[in-house]
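Asks: Give the three-dimensional model of this entry:
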Amino acid sequence: MNSGNTEIVPMDDAQHQYVDRVATFFTMFGSARAWAEILGWLMICEPAERTQAEIAEDLGLSAGTVSTQLRAHVQLGMVEQVRVRGDRTQRYRLRSGAWFEVMSSELGRIHAMGEIARAAGPVLPQVRPERVTELADLADFFAREWPPLLERMQANLTKGQS
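Replies: Below you'll find the model as predicted:
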């Protein structure tokens, strides 16, 4: 954690390009650009903990935008608030295990997609029914394969932490 003895260095060009790449990716799926920029920056910044003011300055965002987007990250469980002993300033960092939880939550979306496809049964089109049946087949496949894949990933993560 940043206890005051680690210098905060401004974002360099390579870091800026990475943050932009992360932001571009997540905005394709409907995320707010500022939300995605904050995520990208918290993935790579050193030290790993930043105050709201530091994030705003680092990314050139308004204090209100950073506050709103950090609150969303915290509610999603991607970012956690941390305090440094002797410092009353609230800091934020990407939470350990957040990416695994994001991938774990995909199973719910996979099941929901399968349900959507199966709900089309009474209105299944006669011409090119694969527009619906392909979704059902894919959802069923991933519903079977996703849990064991996550188990293997969790085992690899646990082994890597040993």
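
Asks: CA only for contacts and neighbour counts going forward, please
Replies: Fine.

Asks: Excluding chain neighbours, what is closest to Pro77?
Replies: I think there's a mix-up here, since residue 77 is Gly and not Pro. Ala98 (6.7 Å; CA to CA, 6 or more residues apart in numbering).

Asks: That neighbour against Gln75, yeah?
Replies: No - counting by CA atoms under 8 Å, Ala98 does not reach Gln75; the two are 12.0 Å apart.

Asks: Surely His73 and Val66 touch.
Replies: No - between His73 and Val66 there is no contact under CA under 8 Å: 10.3 Å.

Asks: Comparing these two, which residue is more hemmed in?
Replies: Neighbours per residue (other CA atoms under 10 Å) separate His73 from Val66, with Val66 holding more: 24 against 21.

Asks: so who does that one touch?
Replies: The neighbours of Val66, taking CA atoms under 8 Å, 6 or more residues apart in numbering as the test, are 34-35, 38, 52, 55-56.

Asks: List the contacts of the closest residue to Asp140 other than its chain neighbours.
Replies: Spatial nearest neighbour of Asp140, excluding adjacent residues (CA to CA, 6+ apart): Gly114 at 6.5 Å. By CA under 8 Å, 6+ apart, Gly114 lies in contact with 135-137, 139-140.

Asks: which SSE is Gly114 in?
Replies: Using DSSP states H and E, Gly114 sits within helix 98-119.

Asks: Convert the C-alpha atoms of that helix to CSV, please.
Replies: This file holds the C-alpha atoms of helix 98-119, laid out as CSV (Å, rounded to 0.1, in the frame of the first residue of the first chain):
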residue,chain,number,x,y,z
ALA,A,98,-12.2,-9.9,-8.9
TRP,A,99,-11.5,-11.3,-12.4
PHE,A,100,-12.2,-14.8,-11.3
GLU,A,101,-15.6,-13.6,-9.9
VAL,A,102,-16.3,-11.8,-13.2
MET,A,103,-15.7,-15.0,-15.1
SER,A,104,-17.7,-17.1,-12.6
SER,A,105,-20.7,-14.8,-13.0
GLU,A,106,-20.8,-15.7,-16.7
LEU,A,107,-22.5,-19.0,-15.9
GLY,A,108,-25.6,-17.1,-14.9
ARG,A,109,-25.6,-15.3,-18.3
ILE,A,110,-25.0,-18.6,-20.1
HIS,A,111,-28.1,-20.2,-18.4
ALA,A,112,-30.2,-17.1,-19.2
MET,A,113,-29.2,-17.3,-22.9
GLY,A,114,-30.2,-20.9,-23.0
GLU,A,115,-33.6,-20.0,-21.4
ILE,A,116,-34.1,-17.3,-24.0
ALA,A,117,-33.5,-19.8,-26.8
ARG,A,118,-35.7,-22.5,-25.3
ALA,A,119,-38.5,-19.9,-24.8
